[in-house]
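Novice: how would this look folded up:
(2 chains)
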Amino acid sequence: MPDMGTASGYLELNVENEASKVLDKRLVYLVRMAVSYRVPCAFAIDVNSWEYKKFNVSSEELDCMKGRISPDKVKSFSKREAAAVKYAVAMSNTPVVFDGRLLDSVRKLFSREEIVAMSVLAAKVNYWARLIEAWRIKPAGYSDDGALEIEKYNTYIEK
Amino acid sequence: MKSIISGKMKVYAAVLISTLLFIVFGSCNSPLKKFQSAHELEPLPQGEESWNKEIDMQRKSLISPPENISCITGLFLDYAEKEFKKELLPGGILA
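Specialist: Residues are numbered from 1 along each chain as shown, chains lettered A, B, ... in the order given. All right, here's what the predicted structure looks like:
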């Protein structure tokens, strides 16, 4: 199925390129991390989080990515970062649920182009994360940092 | 002959230099693009400040498609909308 591979490759390349033109690099990184942990997908966590120190992601922020602290409670997040993480997580939940306060903050803190870039980026990470889990692909081994707790995010259940 | 060519070359060079100068000075003097949030660009109806259930039901989307869609994208979007015989709002927003 080469066309599906090509389409997926274009999605990856173009979405990343366009998002990085509109959003700052740390915000892009936070969105990618938040979705990877939320799905969850160990491969995506590995690929999207191994450089977390380079993007100054603190241990508290890392806990937030893992869903242990609300983005609002993380003091090091800017308002925009907290809203972006919440929006990306809301997009990644099943069922998807949005509340007025979150939608307000997204509309007031981001431009139209930024909203498009952020949501398409989060959707793209969701696409890969869910596909990779369906294919049961194991982490690529980018990181052996125990703080990421990659091994805890296994989606297999015994029935 | 040689002088004609060199004369033409001078004209081309002058046009090229003046175009480049125009672009350089134009970009230096153009005002910085002011940040405009989606809320500022598209305020909620009746001066509402918050997104609520009523607005969520009424509005077609969180943000609207841009007013000007590039020609090629517009062609593809038109083609897709003809295929589906419906307005494809997600495609419009992405454009």
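
Novice: the residue nearest the centre of chain B sits in which helix or strand?
Specialist: In chain B, the centroid-proximal residue (CA atoms, centre = their mean) is B:Asn68; its distance is 6.1 Å. Under the criterion DSSP states H and E, no helix or strand holds B:Asn68.

Novice: from A:Ala88, how far off is it?
Specialist: Distance of B:Asn68 to A:Ala88, given as CB to CB, to the nearest Å: 29 Å. (Glycine included, C-beta is placed from N, CA and C.)

Novice: near chain A, which residues of chain B are found?
Specialist: B:35-39, B:41-42, B:49-53, B:56, B:62-63, B:66, B:93-94 (CB under 8 Å from any CB of the partner chain).

Novice: tell me the SS of A:Tyr52?
Specialist: Secondary structure for A:Tyr52, judged by DSSP: H, G, I helix; E, B strand; the rest coil, is coil.

Novice: quick one, helices of chain A?
Specialist: Counting by DSSP state H, chain A has helices at residues A:2-22, A:25-38, A:42-49, A:59-65, A:79-92, A:100-109, A:112-134.

Novice: which one of these lies closest to A:Tyr142?
Specialist: Distance to A:Tyr142, taken as CB to CB, is lowest for helix A:42-49 among those, at 5.0 Å.

Novice: so how far is chain B from the residue lying closest to A:Val39 once chain neighbours are set aside?
Specialist: Excluding the flanking residues, the one nearest A:Val39 by CB to CB, 6 or more residues apart in numbering or on different chains is A:Ala129, at 4.1 Å. According to CB to the nearest CB, to the nearest Å, A:Ala129 and chain B sit 21 Å apart.

Novice: just for chain A, where's the confidence low?
Specialist: Within chain A, no stretch has pLDDT under 70.

Novice: between the helices of chain A, which one is closest to B:Lys8.
Specialist: So among the helices of chain A, helix A:2-22 is nearest, using CB to CB, at 40.0 Å.

Novice: now do the buried residues in the closest one.
Specialist: A:Val15, A:Ala19, A:Val22 (16 or more other CB atoms under 10 Å in any protein chain shown).
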